[in-house]
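Novice: turn this into a model:
(4 chains)
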Number of protein chains: 2
Amino acid sequence: MQGRRSSSRDVATLAGVSRTTVSFVLNDRPDANISAATRERVLAAAAQLGYQPHAAARGLAGGRSHTIGLVLRQSAEQVAEDALLAETLRGVSGAARAQGYRVLVEPFGALDGSYGDLIRSHRADGLVVSGPRVDDAELQALAASGAPLVVQGTLPGVDAPSVDVDNVAAAKVAVRHLVDLGHRRIACVTNASLSYTAARDRLNGYREALAEAGIAEDPHLVAEADFSAASGRRAMAGLLEHDGITAVFVASDVVAFGAIAAIRGAGRRVPDDISVVGFDDIPLAAYFDPPLTSIRLPAHDLGRAVGTALLDRITGRSVEARTMLPTELVIRSSTAPPPTGPRSRDGPEPS
Amino acid sequence: MQGRRSSSRDVATLAGVSRTTVSFVLNDRPDANISAATRERVLAAAAQLGYQPHAAARGLAGGRSHTIGLVLRQSAEQVAEDALLAETLRGVSGAARAQGYRVLVEPFGALDGSYGDLIRSHRADGLVVSGPRVDDAELQALAASGAPLVVQGTLPGVDAPSVDVDNVAAAKVAVRHLVDLGHRRIACVTNASLSYTAARDRLNGYREALAEAGIAEDPHLVAEADFSAASGRRAMAGLLEHDGITAVFVASDVVAFGAIAAIRGAGRRVPDDISVVGFDDIPLAAYFDPPLTSIRLPAHDLGRAVGTALLDRITGRSVEARTMLPTELVIRSSTAPPPTGPRSRDGPEPS
DNA sequence: ACGCGTTACTAACACGCGTTAGTTTCTCCC
DNA sequence: GGGAGAAACTAACGCGTGTTAGTAACGCGT
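Specialist: The predicted structure is shown next:
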């Protein structure tokens, strides 16, 4: 079908025009005057040869790589546990492809902070930085140098647009759901170390919800996890040493799976003895036992939004400094009213 | 810190040498004779300027993009459900980076078969094709044209190296585990449609294990799922209409989660009434209730192996036509001996 | 003093495209 | 008929690098 790689010169020769004309036609230059007949001839020639511009040559001449980088700033273990990565990636990639861009994924953001090389070497025209941390010097420097980058998540003090969900509000909705069911002694397991802004925000949402309900916060009822189910189990096991807990807000579904394992391990039942609300609504949440009540995080939309924002930034369009996507509480079976008596199993109705 | 982008010419000027010498030093050309003093001076100048070669220029001149493509041939839903994608990606990316390569991810392999453009436009020097299907015309054409590509999975009849686990043998081990526990009436839920070779192989392993145990196969005990937990629930619900099933081999953990939901929905217990073996050993398998017995799939190693194989192919080193990675049966709590009586709850011991 | 091989370096081309400045052809109106 | 302006196209440069062919300096033996 195809002999050897064909260049733009081959197309020009076949169509009987100059290389410049070929370039004008294929790139749809609006100010160029190309007759309909010529345009047709060029397109036919290109199709016949299966012509595909050489990406490097295009990038060199045009000063644009038509590639964006997706930098995962989390550690290897965290990346592995990220059940929503695939969806986010699809969203970013979809947004990119719609404008002729492709996505380079850099999953070692945490290994060495050298992802700035992607920009410096013009391998990528811009970066989506996911899972930013407050102590990210590379990110600060990159943003200061004016590199096109968009943060997925929240990172105050960095001069770059960001896309995120409102973690505070979402966590608040989750905890309020527990309050509405009648719970008063509600624990919290964070999704990660508090050096992650998302973890901090979700914890703050928990606190605000308690405050609004007039419940005094007990610092002993807050435990930190670090993305993994194993850490959730450990954190929850610690919390269970305190009496009277009837509900937990766990700021990540994966961590919640571990927490539930700990609850079961202690001989308690979900939701009969302890209600659990998760966060993220990963695909498996609905198939867990019990099906997990959670906050749905629009992973695909997040990816698309962050990709679109970056491309807007690259192409000089205006970008909102902050985009917030809506979340939604998905109520399943891991939450119920608190037990009435010490061992009552009847379903009491909240007033 | 950095003024404007510095080119190789700036480095040459600063070091007091020619641009060619700079190129020789930075690329470590073995046949070039560069004095230690000059080499030192060049490296110092490059470091001082923070010099980073322009990727497009390098690619154009060298004819190599230093990028490999990771093509996900599964549908969007399947990609979303793929809990091991992150690990595989890390493996591929790690292998690539070790040789100065980066990874471009193409998650829309199923949308349009146009991933060949990555090769034709020289955007990528080679492709890792994951989740191949027998009816992939693009793949056939690409392989025939001599494009460097490596298949992750199994696809007979395509002239390209492949990396995979031995799905037949692994499935056999899983089913033999059930047989050894004393089960005789063992059902199977596939992980996907049988147009996927992995699904077919795992089913064959199931059949071989039954045959070796002298158990006649009942075609009614095999049901197809399609990657999702929802499909697993449906498939299992159908199987439960047949009497006497005491164990199921489900060729995917995610699907198994759905299957377990169906079993519970029918009022049966795992493993007391029905044992379940999964496949993949996704991170959450250990935290499911009950913790899932499964076949561990070395996702990270698979990624690294397939990445390394592709790079070997690109750089002209010899590549084995077929690499098989080992799997391992991880026994947890979703499998147990079959119930002795119609409703016995005691733990019987297999003889 | 001269030739010869080795060492250390450089000038200049090629990669394939986008793009600016310039040229030719065509149309129209006085 | 002739000049002006628009329409349609092209020649040639530049992007930043890798690489080949070629040159200058140097050591050394005769």
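
Novice: please make it C-alpha for all contacts and neighbour counts, starting now.
Specialist: OK.

Novice: I figured residue A:75 hits residue A:108, correct?
Specialist: Yes - Residue A:75 is within contact range of residue A:108, at 7.4 Å (criterion: CA atoms under 8 Å).

Novice: which one of these two has more residues nearby?
Specialist: residue A:108 (21 against 15; other CA atoms under 10 Å in any protein chain shown).

Novice: Three-state assignment for the more buried one, please.
Specialist: Look at residue A:108: counting by DSSP: H, G, I helix; E, B strand; the rest coil, its state is coil.

Novice: kindly report the same for residue A:151.
Specialist: Strictly by three-state DSSP, residue A:151 counts as strand.

Novice: tell me the contacts of it?
Specialist: A:128, A:129, A:130, A:132, A:160, A:161, A:162, A:163, A:306 (CA atoms under 8 Å, 6 or more residues apart in numbering or on different chains).

Novice: isn't there a helix covering the second one?
Specialist: No - note on residue A:129: no helix contains this position according to three-state DSSP, which reports strand.

Novice: pull the contacting residues for it.
Specialist: Counted by CA under 8 Å, 6+ apart, residue A:129 has contacts A:70, A:71, A:72, A:73, A:149, A:150, A:151, A:152.

Novice: tell me what it is bridged to.
Specialist: Legend: beta-bridge partners of residue A:129 under DSSP bridges are residue A:71, residue A:151.

Novice: next up, the contacts around the residue lying closest to residue A:144 once chain neighbours are set aside.
Specialist: Excluding its sequence neighbours, the residue lying closest to residue A:144 (CA to CA, 6 or more residues apart in numbering or on different chains) is residue A:159, at 7.0 Å. Applying CA under 8 Å, 6+ apart to residue A:159 gives the contacts A:140, A:143, A:144.

Novice: what about the first one, how many neighbours?
Specialist: Residues near residue A:140, counting by other CA under 10 Å, number 15.

Novice: where does it land in three-state SS?
Specialist: Recorded secondary structure, residue A:140: helix (three-state DSSP).

Novice: ok, for it, nearest residue in space, not its chain neighbours?
Specialist: residue A:158 is the one closest to residue A:140 (CA to CA, 6+ apart), at 6.2 Å.

Novice: what's the local residue count around that neighbour?
Specialist: For residue A:158, the neighbour count with other CA under 10 Å is 17.

Novice: then the one 3 residues further on?
Specialist: For residue A:161, the count of nearby residues is 23 (other CA under 10 Å).

Novice: could you do residue A:6 as well?
Specialist: By other CA under 10 Å, 17 other residues sit near residue A:6.

Novice: backbone dihedrals for it, please?
Specialist: phi -100, psi 140 (degrees, to the nearest 10).

Novice: wait, doesn't it sit right on residue A:51?
Specialist: Yes - with contact defined as CA under 8 Å, residue A:6 counts as touching residue A:51 (5.9 Å).

Novice: residue contacts, the residue nearest to residue A:140?
Specialist: By CA under 8 Å, 6+ apart, residue A:158 lies in contact with A:139, A:140, A:143.

Novice: just say helix, strand or coil for it.
Specialist: Here residue A:158 is coil, with the state taken from three-state DSSP.

Novice: so where do the strands sit in the stretch 51-200 of chain A?
Specialist: A:67-72, A:102-106, A:126-130, A:149-152, A:162-165, A:186-189 (DSSP state E, counting those that start in this stretch).

Novice: can you tell which of these is closest to residue B:34?
Specialist: strand A:102-106 (34.5 Å; CA to CA).

Novice: tell me what the helix or strand bottoming out on mean pLDDT in chain A is packed against?
Specialist: For chain A, scoring each helix and strand by mean pLDDT, DSSP states H and E identifies helix A:76-81 as the least confident one, at a mean of 77. Judged by 3 or more CA pairs under 8 Å, 6 or more residues apart in numbering or on different chains; DSSP states H and E, helix A:76-81 is in contact with helix B:85-97.

Novice: buried ones in the helix it packs on, by neighbour count?
Specialist: B:85-97 (16 or more other CA atoms under 10 Å in any protein chain shown).

Novice: likewise stretch A:153-166?
Specialist: Applying 16+ other CA under 10 Å to stretch A:153-166 flags A:153, A:154, A:155, A:158, A:159, A:160, A:161, A:162, A:163, A:164, A:165, A:166 as buried.

Novice: hmm, back to that, now the strands of the stretch 51-200 of chain A as a markdown table including mean pLDDT?
Specialist: Output for these, formatted as a markdown table (pLDDT from 0 to 100):
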| stretch | mean pLDDT |
| --- | --- |
| strand A:67-72 | 95 |
| strand A:102-106 | 95 |
| strand A:126-130 | 94 |
| strand A:149-152 | 94 |
| strand A:162-165 | 96 |
| strand A:186-189 | 98 |
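
Novice: I'd like these as CSV, with distance to residue B:240 appended.
Specialist: Formatted as CSV, the strands of the stretch 51-200 of chain A follow (distance: least, CA to CA, whole Å):
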stretch, distance to residue B:240
strand A:67-72, 43
strand A:102-106, 43
strand A:126-130, 44
strand A:149-152, 45
strand A:162-165, 42
strand A:186-189, 38
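
Novice: any idea which of the ones you listed gets closest to residue B:281?
Specialist: strand A:67-72 (23.5 Å).

Novice: please see if that closest one touches DNA strand C.
Specialist: No - residues of strand A:67-72 are not located near DNA strand C by CA under 7 Å from any atom of the strand, the shortest gap being 14.8 Å.

Novice: can you give the distance of that strand from its chain's centre?
Specialist: Here strand A:67-72 is found 13 Å from its chain centre; the criterion is CA atoms, centre = their mean, to the nearest Å.

Novice: just checking, what packs against that strand?
Specialist: strand A:102-106, strand A:126-130.
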